[in-house]
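Below are the sequence and a predicted model for it; my questions follow.
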Amino acid sequence: MHLDHSHDGPSAVSADARRPDGSRRALRIGLGGPVGSGKTATVAALCRGLRDELSLAVVTNDIYTREDAEFLLREAVLPPERITAVETGACPHTAIRDDISANLEAVEDLEDEVGPLDLILVESGGDNLTATFSKGLVDAQIFVIDVAGGDDIPRKGGPGVTTADLLVVNKTDLAPYVGSDLARMAADAKTQRAELPVVFQSLRSEPGVTDVADWVRTRLAAWTA
Ligand SMILES: Nc1nc2c(ncn2[C@@H]2O[C@H](COP(=O)(O)OP(=O)(O)OP(=O)(O)O)[C@@H](O)[C@H]2O)c(=O)[nH]1
Ligand SMILES: [Mg+2]
């Protein structure tokens, strides 16, 4: 159990950049955000966009099911052995922030079984604006919100919006239908995040996940440097 965010027990996976055999471990990027904002859709699009250039794998977290992993398997975004489901059975943030042992085990098992890996994407179960990942689990986090959740979400803030390494405002194609003001969302996000990056995207139209994929490539370049 990892209740204190430290991971130095004998069976614990190290948060170090090196694996026990001295090789560099995969960069781990967490995707969190409210229910239905487009986390799995973003993961799927990233897998399609990056799988030819990187060795990658995915861990999904669902509360009671394995539906997100099953979706990714159905869509064949990666070979099945590269997709693992963690069934959290509790508030989603518990498994990504408080007791991260099941997720650490999942990422380590993936590295053992299909590694070496460049990148592991860890999708949190949908949660509220306070959900963030433990730094012992991921190296960077993406917070995914969508325009249909209300254009006041960036203004409301919360750790996901204010501190995530990348804020993604998804489903921009729906803005006209739900009356969301994208300029206002951008201005509020800027106020909350200062220089931290924000991407507005629609996965229903070009260029889709391109900006997020470029951000991942930049993080990976920094990680391997
Ligand atoms: N119109 C539109 N729909 C989208 C977009 N991205 C995702 N969706 C749809 O939104 C719904 C929810 O997407 P998911 O990717 O499952 O959302 P999620 O954040 O993973 O949801 P949970 O894991 O249940 O919290 C699905 O029906 C997607 O097809 C988008 O850019 N535009
Ligand atoms: Mg999902």
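Great, that's in hand. Ligands and ions are numbered 1, 2, ... in the order given.

Show me which residues of this protein are close to ligand 1?
Counting by Cβ under 6 Å from any ligand atom, the residues of the chain close to ligand 1 are 33, 35-41, 68, 126, 170-171, 173-174, 202-204. All C-beta atoms are positioned from the backbone trio N, CA, C, and that covers glycine.

Only whichever of these are buried, select them in ChimeraX.
Only the buried members of the residues of the chain next to ligand 1 enter the following ChimeraX selection, criterion being 16 or more other Cβ atoms under 10 Å:
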select :33,37,38,39,40,41,68,126,170,171,202,203
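
Sitting in strands, which of the residues of the chain next to ligand 1 do you find?
Among the residues of the chain next to ligand 1, the residues falling in strands (DSSP state E) are residue 170.

low-confidence ranges in this protein?
With pLDDT under 70 as the threshold, the chain has low-confidence stretches at 1-15.

Smallest gap between it and ligand 2, at which residue?
Nearest to ligand 2, among the residues of the chain, is residue 40, at 3.3 Å (Cβ to the ion).

what's near enough to touch that residue?
Taking Cβ atoms under 8 Å, 6 or more residues apart in numbering as the contact definition, residue 40 lies against 60, 68, 71-72, 123.

Spatially, which two of these are the most separated?
By the measure Cβ to Cβ, the contacts of residue 40 have their two most distant members at 71 and 123, which lie 10.6 Å apart.

So for those two, which residue has more residues nearby?
Set side by side, residue 71 and residue 123 show unequal neighbour counts under other Cβ atoms under 10 Å, the larger going to residue 123 at 28 against 16.

Could you pull up phi and psi at that one?
Dihedral angles of residue 123 (phi, psi; degrees, to the nearest 10) stand at phi -90, psi 130.

What segments of the chain are strands?
Using DSSP E, the strands assigned to the chain run over residues 27-32, 56-62, 83-87, 119-123, 140-146, 166-170, 198-200.

Compile the ones you listed into a markdown table and extend it with columns for distance to residue 94.
Written out in a markdown table, the entries for the strands of the chain read as follows (distance: least, Cβ to Cβ, whole Å):
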| stretch | distance to residue 94 |
| --- | --- |
| strand 27-32 | 13 |
| strand 56-62 | 10 |
| strand 83-87 | 11 |
| strand 119-123 | 14 |
| strand 140-146 | 16 |
| strand 166-170 | 23 |
| strand 198-200 | 27 |
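
hang on, the earlier thing: let's see which of the residues of the chain next to ligand 1 end up in helices.
Secondary structure from DSSP state H places 39-41, 68 of the residues of the chain next to ligand 1 in helices.

Mind telling me the two of these farthest from one another?
Within those, 41 and 68 form the most distant pair, 10.0 Å apart (Cβ to Cβ).

And the residue of this protein closest to ligand 1?
Shortest the chain-to-ligand 1 distance, computed as Cβ to the nearest ligand atom: residue-wise this is residue 126, at 2.4 Å.
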